[in-house]
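J.: structure for the following, please:
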Amino acid sequence: MIRPADIREWRGHDVVDAGGHKVGPLEAVYTDTATDEPAMATVRIGLPTRQRLVFVPLDGAVVGPGYLMVRYDKPLVKDAPSIGTDDVLPAEEEEPVFRHYGIPYRAGAGGERRLARG
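T.: Purely as a prediction, here's the structure:
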C-alpha cells in the first residue's frame, strides 16, 4: 500500500501505465474522505499552452525508480474527466470520475464529498 506521505513526495515524477507508457507528471493526490487513504491522482497532460489535469485511481499503483505506475491504460487515463491546471474538482463532478473507471461512487454519510485534495 502506498502511504499518503510517500506519494506526495512523487509530485512532478512521471505517471506511467502498466505497459510503461508515460501519461504525464503527477500533479496532486486526492484522499478518500472515508478512509483517509490516497484514492486518486491528477496527471498533467496536453500541449504546453493547453494543459489540463486528468484523474486516475491509485488502487494497484506501484512506485518505481522515478515513476508511479498505475494499472489503467494511457488512452483511458487521457480520456478521463479533467479540470484546468488551476481548478479544483467540484463535489458534483466526482461521480463521473469514478464512473469513467467503472468504480462505484458513494458520497459520504452526510452527503459530503468523497475526495479531498491532499
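
J.: tell me which residue is most central in the protein.
T.: Centroid-nearest residue in the chain, with CA atoms, centre = their mean: Ala41, separated by 2.1 Å.

J.: helices or strands up against the helix or strand that one falls within?
T.: Taking DSSP states H and E as the criterion, Ala41 maps to strand 38-47. If contacts are counted by 3 or more CB pairs under 8 Å, 6 or more residues apart in numbering; DSSP states H and E, strand 38-47 sits against helix 4-8, strand 22-32, strand 50-57. Glycine gets a C-beta too; all of them are placed from N, C-alpha and C.

J.: run the chain-centre distance for the top helix by length along the chain.
T.: Using DSSP state H to define each element, the chain has its longest helix at helix 94-100. On the basis of CA atoms, centre = their mean, to the nearest Å, helix 94-100 sits 11 Å off its chain's mean C-alpha point.

J.: what sits up against it?
T.: Residues outside helix 94-100 that contact it (CB atoms under 8 Å, 6 or more residues apart in numbering): 40, 55, 76, 79-81, 89, 104-105, 107, 113-115.

J.: go on, stretch 101-113?
T.: Residues outside stretch 101-113 that contact it (CB under 8 Å, 6+ apart) are 33-34, 56-57, 72, 76, 80, 91, 94-95, 98-99, 114.

J.: okay, how far is it across that stretch, tip to tip?
T.: 18 Å (CA to CA, to the nearest Å).

J.: tell me the mean pLDDT over that stretch?
T.: For stretch 101-113, the mean pLDDT works out to 83.

J.: how about that stretch: buried residues?
T.: Within stretch 101-113, the residues that qualify as buried by neighbour count (16 or more other CB atoms under 10 Å) are Tyr101.

J.: list the buried residues for the longest helix of the chain?
T.: Neighbour-count burial for helix 94-100 flags Glu94, Glu95, Val97, Phe98, His100 (criterion: 16+ other CB under 10 Å).
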